[in-house]
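A.B. asks: no letters, just coordinates:
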């Protein structure tokens, strides 16, 4: 059975409108490369481009490692990291990762649910 096809650009654009505190929405492939989306317009990045590449590669590796437990625990719906300067949320789409970064005080209770609704709509 083939995987469902998603319009990653449309998903990223929609995610950026969920909440004004969302700074970034991008799709990262399994090798850690940004394939769609990016920073919201008029938002200053927290890191430089080289740091982005490292963050994306680390995220791809972390997602692969989490899949090791899918048989026992079921697949991950989303993962979230709360940091001092940002809230990061990752959601698997086929073999890729939707990576969303917001301000640290964003509503982490509702944003993941809204992201998943957008992906599945």
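C.D. replies: Great, that's in hand. For clarity, every value in this text was computed on a predicted model and none was experimentally measured.
A.B. asks: number of residues surrounding residue 4?
C.D. replies: Using other Cβ atoms under 10 Å, the number of residues around residue 4 comes to 9. C-beta: built from backbone N, CA, C; applies to glycine.
A.B. asks: which residue is nearest the middle of the chain?
C.D. replies: In the chain, the centroid-proximal residue (Cα atoms, centre = their mean) is residue 99; its distance is 1.4 Å.
A.B. asks: can I assume it sits in a strand?
C.D. replies: Yes. According to DSSP: H, G, I helix; E, B strand; the rest coil, residue 99 belongs to a strand.
A.B. asks: check which helix or strand covers residue 105.
C.D. replies: Counting by DSSP states H and E, no helix or strand carries residue 105.
A.B. asks: my error: substitute residue 71 in the last question.
C.D. replies: Using DSSP H and E, the element containing residue 71 is helix 70-73.
A.B. asks: ok so, going back, who does the residue nearest to the centre of the chain bridge with?
C.D. replies: For residue 99, the beta-bridge partners are residue 26, residue 90 (DSSP bridges).
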